[in-house]
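Visitor: Pasting the sequence and the predicted model now:
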Amino acid sequence: MTALDWAITALRVLVPVLAILMALPILLWLERRGAGLIQDRPGPNRVGPLGLLQPLADVVKFFMKEDLVPANADRLLYVLAPAIALFSAMTTFAVIPYGATVPVGGREVLLVGADVSIGILYLFALTSLSVYGIVLAGWSSNNKFSLIGGIRSSAQIISYELAMTTAAAGVILAAGSFRLTDVVAMQTGTWFGFIPRWNLIPQFFGFVVFYVAAFAETNRLPFDLPEAEAELVAGYHTEYSAMKFAMFFMAEYINMIVASALTVTLFFGGWALPGFEPHGIGGAILSALIFFAKTAFFVWIFIWVRWTLPRFRYDQLMRLGWKALLPIALLNLIWVAFLVVKGWIR
Amino acid sequence: MDPVTASRLLFDAAAGLAILFACVMVVHRHPVKSVLALVVSFFALAVTYVLLSAPLIAAVQVIVYAGAILVLFLFVLMLLNVPEEIRQKSGRPIHQTLSAAAILVFAVALLATLRAHGSPGAVPGSPSAPADIRAVARLLFSEHLLSFEALSILLLAALVGSFCLARREGSS
């Protein structure tokens, strides 16, 4: 391997991680200001212009707070739980293509951390591990509110994962590949010259199921039963303070970014836009910006929904998952199979 | 270090980790910790699959076993709040002798099987093409179609069975 190869590999590893970490403070600010906007109040506006430096102040606060471990907690698991949550959140972005190819030194470099053949399966494998962070936090805290939060979370995530993967299976079937760069490639171009070939159009119900399940997977309102503050204090992270609490916080926001990015990749054509053909470095930067703008839109919907809808009851949550979302996802899968057999897509 | 040696070392490390945590699973007295040791063991096993150029099996291993089945185990253990086991002096020395003999018999049987069939075809770090998902699907839906369908009926029967059991208890 030459020095250029090493540099390309290092950048491919680092860029997604750094981009996500840099997006976090902005997202934190957006959430709090957005809440203010929706609830007709200013929100944090004292630190820096428009309150933009508020996340910085929050980070300083997280570092200064006392790091408590309850006396009867299981020390090892109590410390391990936030680390698992953050790890599984940060590693998922690696397989999502965030732009077209960049020509570097006579080579075409894909703008994706790792273009693996099992792409989406890797992503689902890591998200299915994220439940351990929450469940272990709930159990090791030795607190009944935490425990109920952890148990709710495991039931919720297992239920919604099924609908989510079934909805994603429709996209895989249409693309004929698990590789996410192939999924994006099949969505470039248009139908009849003006309708973008996004999976959204033939698989609208698949998209709805996927996006609703994404709210449950990321524990966001209206499905934030694991931390329902009205009944469980703070659910699984009741006993956590300082940076350990911040790690759960970061994991939730990163999961939100990844879920939005995945929705864009699967159903909204990734970086593809009708009439847009990326050429050279400028085209690659533009494609990354398009991807970023689409992702930001879905992240904003996450925030918008949180401050608009009330929380579901637990039995309603389970009924929605098993009796509504899963059958719709299965019907969507059959519909896509029909389209593929007819040769209308692909 | 060349890539073949590196992946060989990585394979040995992952395999060792899998065996170590399988032992922890058996020995540990706390059921929740036992489940977690099994999760680590399965994860290490998935790493060995990746190094044997079988990424699909690795992903399925993590999604199905570590991500779904063991979460259910954990769920049940937490709901029942199973306490740590108390180490007991086993009643008779014959129990210890018998269990040691059983371990010995299985170890010998395992070694004999491994010797008889030689080393497996795939070697970590070998440049063989990674197993294609298409190839796996084609095998599953042609050569092994009958067993595949039989398996799905078995799962359905188990599902209906558990549903009936739960329903009867609920109504009485």
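Guide: Good, I have the coordinates.
Visitor: Show me the residue at the heart of chain B, geometrically.
Guide: B:Phe42 (5.9 Å; CA atoms, centre = their mean).
Visitor: what stretches of the chain score poorly on pLDDT?
Guide: No chain was given, so I picked chain A. A:1, A:346 (pLDDT under 70).
Visitor: was after chain B, sorry
Guide: Short version for chain B, where the test is pLDDT under 70: B:1, B:85, B:87-91, B:118-131, B:168-172.
Visitor: What parts of it come near chain A?
Guide: Residues of chain B lying near chain A by CB under 8 Å from any CB of the partner chain: B:32, B:36, B:39, B:46, B:55-56, B:58-60, B:62-63, B:66-68, B:71-72, B:74-75, B:78-79, B:130, B:132-133. Quick note: C-beta positions are derived from backbone N, CA and C, even for glycine.
Visitor: now those residues: which count as buried?
Guide: Buried by 16 or more other CB atoms under 10 Å in any protein chain shown: B:32, B:36, B:39, B:46, B:55-56, B:58-60, B:62-63, B:66-68, B:71, B:74-75, B:78, B:133, out of the residues of chain B next to chain A.
Visitor: which SSE is the residue of the stretch 151-300 of chain A found nearest chain B in?
Guide: Per CB to the nearest CB, A:Ser154 is where the stretch 151-300 of chain A lies closest to chain B, at 5.0 Å. Element membership of A:Ser154, judged by DSSP states H and E, is helix A:144-175.
Visitor: mind listing what's buried in that helix?
Guide: A:145-175.
Visitor: Neighbours of B:Val76, how many?
Guide: 12 (other CB atoms under 10 Å in any protein chain shown).
Visitor: re the thing from before, is the residue nearest to the centre of chain B in contact with B:Leu70, as I believe?
Guide: Yes - look at B:Phe42 against B:Leu70 with CB atoms under 8 Å: they come within range, at 7.3 Å.
Visitor: Might you report the residue contacts of A:Leu326?
Guide: A:Leu162, A:Ala163, A:Thr166 (CB atoms under 8 Å, 6 or more residues apart in numbering or on different chains).
Visitor: residues making contact with stretch B:54-63?
Guide: By CB under 8 Å, 6+ apart, stretch B:54-63 touches A:116-118, A:121-122, A:124-126, A:128-129, B:42-43, B:45-47, B:49-50, B:122, B:130-131, B:133, B:136.
Visitor: List buried residues within those.
Guide: The neighbour count (16+ other CB under 10 Å) marks A:116-118, A:121-122, A:124-126, A:128-129, B:42-43, B:45-47, B:49-50, B:131, B:133 as buried among the contacts of stretch B:54-63.
Visitor: Which ones among those residues lie within strands?
Guide: If you go by DSSP state E, the buried ones among the contacts of stretch B:54-63 have nothing in strands.
Visitor: In helices, which of those residues fall?
Guide: A:121-122, A:124-126, A:128-129, B:42-43, B:45-47, B:49-50, B:133 (DSSP state H).
Visitor: circling back to that earlier point, ok, the contacts of A:Leu326 vs B:Ala18, which is closest?
Guide: B:Ala18 lies nearest to A:Leu162 out of the contacts of A:Leu326, by CB to CB, at 27.8 Å.
Visitor: How about that closest one, nearest residue that isn't a chain neighbour?
Guide: A:Leu326 (5.9 Å; CB to CB, 6 or more residues apart in numbering or on different chains).
Visitor: What of A:Leu111?
Guide: Excluding the flanking residues, the one nearest A:Leu111 by CB to CB, 6+ apart is A:Gly99, at 3.4 Å.
Visitor: thought the one you found was touching A:Ser287?
Guide: Yes - taking contacts as CB under 8 Å, A:Gly99 lies within contact range of A:Ser287: 4.4 Å.
Visitor: list the residues that contact both of these two?
Guide: A:Leu111, A:Trp271, A:Pro278.
Visitor: from those residues, which ones fall inside strands?
Guide: Reading strands off the shared contacts of A:Gly99 and A:Ser287 with DSSP E, I get A:Leu111.
Visitor: Adding neighbour count, write the shared contacts of A:Gly99 and A:Ser287 out as TSV.
Guide: TSV is the format used below for those (neighbours: other CB atoms under 10 Å in any protein chain shown):
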residue	neighbour count
A:Leu111	24
A:Trp271	28
A:Pro278	22
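Visitor: ok, of the shared contacts of A:Gly99 and A:Ser287, which one's closest to B:Ala109?
Guide: Nearest member of the shared contacts of A:Gly99 and A:Ser287 to B:Ala109, counting by CB to CB, is A:Leu111, at 52.2 Å.
Visitor: Isn't the closest one up against A:Pro103?
Guide: No - A:Leu111 lies out of contact with A:Pro103 (CB under 8 Å); the separation is 11.7 Å.
Visitor: Indicate the residue of the stretch 51-200 of chain A located nearest to chain B.
Guide: A:Ser128 (2.7 Å).
Visitor: That residue - nearest residue in space that isn't next to it in sequence?
Guide: Nearest to A:Ser128 is B:Gly67, by CB to CB, 6+ apart, at 2.7 Å.
Visitor: For A:Ser88, list the residues it contacts.
Guide: Applying CB under 8 Å, 6+ apart, we find A:Ser88 in contact with A:Leu126, A:Thr127, A:Leu129, A:Ser130, A:Tyr132, A:Gly133, A:Ala251.
Visitor: Now name the helix or strand holding it.
Guide: helix A:75-91.
Visitor: Mind jotting down where the strands sit in chain A?
Guide: Under DSSP E, chain A gives strands at A:99-104, A:107-111, A:190-191, A:195-196.
Visitor: List the contacts of the second one.
Guide: Counting by CB under 8 Å, 6+ apart, strand A:107-111 makes contact with A:8, A:12, A:97-103, A:181, A:271, A:284, A:287-288, all of which sit outside it.
Visitor: Work out the gap between it and the centre of the chain.
Guide: Remark: strand A:107-111 is offset 24 Å from the chain centroid, using CA atoms, centre = their mean, to the nearest Å.
Visitor: Likewise for stretch A:178-190?
Guide: Per CA atoms, centre = their mean, the centroid offset for stretch A:178-190 relative to its chain is 19 Å.
Visitor: Can you get me the start-to-end distance on that stretch?
Guide: Chord length of stretch A:178-190, first to last residue, is 22 Å (CA to CA, to the nearest Å).
Visitor: residues of it that come out buried?
Guide: Buried-residue list, stretch A:178-190, by 16+ other CB under 10 Å: A:Phe178, A:Arg179, A:Leu180, A:Thr181, A:Asp182, A:Val183, A:Val184, A:Ala185, A:Met186, A:Gln187, A:Thr188.
Visitor: could you dump the residues you listed to CSV with distance to chain B?
Guide: Putting the buried residues of stretch A:178-190 into CSV (distance: CB to the nearest CB, whole Å) gives the following:
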residue, distance to chain B
A:Phe178, 6
A:Arg179, 10
A:Leu180, 14
A:Thr181, 15
A:Asp182, 12
A:Val183, 14
A:Val184, 18
A:Ala185, 17
A:Met186, 16
A:Gln187, 20
A:Thr188, 23
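Visitor: Kindly reformat those as TSV containing distance to A:Ala81.
Guide: Below are the buried residues of stretch A:178-190 laid out as TSV (distance: CB to CB, whole Å):
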residue	distance to A:Ala81
A:Phe178	30
A:Arg179	33
A:Leu180	29
A:Thr181	34
A:Asp182	36
A:Val183	33
A:Val184	35
A:Ala185	39
A:Met186	39
A:Gln187	38
A:Thr188	42
